[in-house]
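Asks: here is the input, now give the coordinates:
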Amino acid sequence: MRLEQLEAVVESLLFISGDAVSLSAIAQTIEMDKATARAIVQTLADKYETEQRGIRIVEYNGAYQMCTASHCFEYIRNMYRSPQRQGLTQSLLETLAIVAYKQPITKGQIEEIRGVSAEHAVTKLMEKKLVCEVGRLDAPGKPILLGTTEDFLRYFGFQSVRELPPLEEDTGLVKED
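Replies: The predicted model follows:
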C-alpha cells in the first residue's frame, strides 16, 4: 500500500472510532510495525497543523484521537448555541488536584487531606468523567481507589499525568518516593 493510502486508512480509523485508538491497534490494522504507524499518524497530525485544518490528532497515553482544532471552538459553539462548558467549583478543583497528584487514592484519604467530606465532590467528578474507579485497596472494607481518566487529560490538555506541573512542598500533595 502507498503512503497516501495508509494515511487515508489511519485517518478513517481515527475518525470513525470517536475515541482514542492505541498505537498497537493502528499498527495491527494497517499491518505495519509501531514505528511506521507512529510516523504515519505524526505525518497526518503535522499536515492538519500546518494546513490550519479544523481537525487535530492528539496523543493521550500512547493512543491517538481526532478532535476539533481549538481555533474552531467558538464557531462550533455558535452552531449548536450551547452554553459554555460548566466550570469546576473550587471544591471540585481541589478534590481533582488531590486525585491527580496522589492517585490511586481513596475517598477517605481525600477527606483526610481536605478535612471535609469528599462525597459530593467525588460524585460530581465521576459524573463529569474526570475521575473513575481504578481498583480496590487491600484493606478492611476494600475501599474504592480513584484515579483520573482520559477525559481529565483532554479537559486540561495533557497527554499524560506525568505532564502535571510539579508541586511545592507546602501543598501536602508532593509524592514521597
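
Asks: and Val116, which of the three is it?
Replies: Classification of Val116 by DSSP: H, G, I helix; E, B strand; the rest coil places it in coil.

Asks: with the one 4 residues further on instead?
Replies: In three-state terms, and counting by three-state DSSP, His120 is helix.

Asks: need the contact list for it.
Replies: Ser91 (CB atoms under 8 Å, 6 or more residues apart in numbering). (Glycine included, C-beta is placed from N, CA and C.)

Asks: and the gap between it and Tyr75?
Replies: Going from His120 to Tyr75 by CB to CB, to the nearest Å gives 35 Å.

Asks: with Ile16 instead?
Replies: Distance, Ile16 to Tyr75, by CB to CB: 23 Å.

Asks: quick one, helices of this structure?
Replies: Ranges of helices within the chain are 3-17, 23-30, 34-50, 73-80, 90-102, 107-114, 119-127, 150-156, based on DSSP state H.

Asks: which of those helices has the lowest mean pLDDT?
Replies: For the helices of the chain, the weakest mean pLDDT is recorded on helix 73-80, namely a mean of 79.

Asks: how many neighbours does the residue nearest to Arg38 when sequence neighbours are not counted have?
Replies: Distances taken as CB to CB, 6 or more residues apart in numbering place Leu23 nearest to Arg38, at 6.0 Å, with adjacent residues excluded. Residues near Leu23, counting by other CB atoms under 10 Å, number 16.

Asks: I'd say Leu23 and Ala35 touch.
Replies: No. Taking CB atoms under 8 Å as the definition, Leu23 is not a contact partner of Ala35, at 9.5 Å.

Asks: tell me which residues touch Ala20, please.
Replies: Tyr60, Asn61, Ala63, Tyr64, Gln65, Glu150.

Asks: show me the two of those residues that sit farthest apart.
Replies: Using CB to CB, the pair of the contacts of Ala20 lying farthest apart is Tyr64 and Glu150, separated by 11.8 Å.

Asks: give me the distance between Ala39 and Gln109.
Replies: Relative to Gln109, and taking CB to CB, Ala39 is found at 42 Å.
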